[in-house]
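Peer 1: Task: produce atomic coordinates for the following.
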Amino acid sequence: LRYLPELFQFASSKKNLELCIELGIEMPALMPSCNIRMDLPQRPEFLFHWHQDTTYLLGSMNALTFWFPLTHVNRKRGTIEVVPGSHKQGIRPISYSGEQKPEKHLTMSPKNIYLKKDPDDETIFIDAKPGDLVVFSQLLLHRSTPNFSNNIRWVAQLRYADFAEKRFIDNKYPMGGNTNIFHTDYMDN
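Peer 2: Coordinates of the predicted model:
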């Protein structure tokens, strides 16, 4: 589903690009992480723990995630839980839980990258319906929550980096794919 032309058409829509610019991305670049996610009822093993998208997907430091539900999302059907304002605190310390040492040449599962400390800040659960758009910094702490309903939860995600951000340019535009925060020291600069 992540390769549907309609997803890319939506990603390059004039409204999305204008919104990126309005939110501080000078030269929007679609990151290679367009995704449609499905969460089956009563299957918590596929949920993502607390994280920041930046640690998995890299991109510019002002990169944005456009998250939009294709079905109603809430605490019962599953959604995302977020820590408001956490994006202002930079990249949180992380660790790697895989069996092999996290070396630059290895492909690693995002499931093996963990925050060293889960947030203890106040959180909110996103309640949204199809047609809503939730936009947040890739630095925002968030996690997916269980689907307790009898229906599949569907959401789509688009991510935009900023080709004009100097640090991103200087580091030759590191973006997701098989790379993550362990593959570059650019975020430590």
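
Peer 1: rest of the way, CA atoms for contacts and neighbours
Peer 2: OK.

Peer 1: Would you map the strands across this structure?
Peer 2: Taking DSSP state E to define them, one finds strands in the chain at 28-30, 35-39, 64-69, 80-82, 94-96, 113-115, 124-125, 134-137, 142-144, 153-162.

Peer 1: Pull out the buried positions in the longest helix along the chain.
Peer 2: Longest helix in the chain by number of residues, with DSSP state H as the criterion: helix 14-22. Residues 16-17, 20 are the ones in helix 14-22 that count as buried (16 or more other Cα atoms under 10 Å).

Peer 1: swap in stretch 62-71?
Peer 2: Of the residues in stretch 62-71, 62-71 count as buried by neighbour count, 16+ other Cα under 10 Å.

Peer 1: pLDDT and distance to residue 135 added to those, as JSON lines?
Peer 2: As requested, the buried residues of stretch 62-71 are arranged in JSON lines below (pLDDT from 0 to 100; distance: Cα to Cα, whole Å):
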{"residue": "62", "pLDDT": "96", "distance to residue 135": "12"}
{"residue": "63", "pLDDT": "96", "distance to residue 135": "11"}
{"residue": "64", "pLDDT": "97", "distance to residue 135": "7"}
{"residue": "65", "pLDDT": "97", "distance to residue 135": "6"}
{"residue": "66", "pLDDT": "97", "distance to residue 135": "5"}
{"residue": "67", "pLDDT": "96", "distance to residue 135": "6"}
{"residue": "68", "pLDDT": "94", "distance to residue 135": "8"}
{"residue": "69", "pLDDT": "96", "distance to residue 135": "12"}
{"residue": "70", "pLDDT": "95", "distance to residue 135": "15"}
{"residue": "71", "pLDDT": "96", "distance to residue 135": "17"}
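
Peer 1: now this protein, which segments are flagged as low pLDDT?
Peer 2: Across the chain, residues meeting the criterion (pLDDT under 70) sit at 104-108, 177-179, 188-189.

Peer 1: Spatially, what comes nearest to the residue nearest the centre of it if we skip its sequence neighbours?
Peer 2: Per Cα atoms, centre = their mean, the C-alpha nearest to the average position across the chain is that of residue 53, at 3.6 Å. Here the nearest residue to residue 53 in space, its sequence neighbours aside, is residue 138; by Cα to Cα, 6 or more residues apart in numbering that works out to 4.8 Å.
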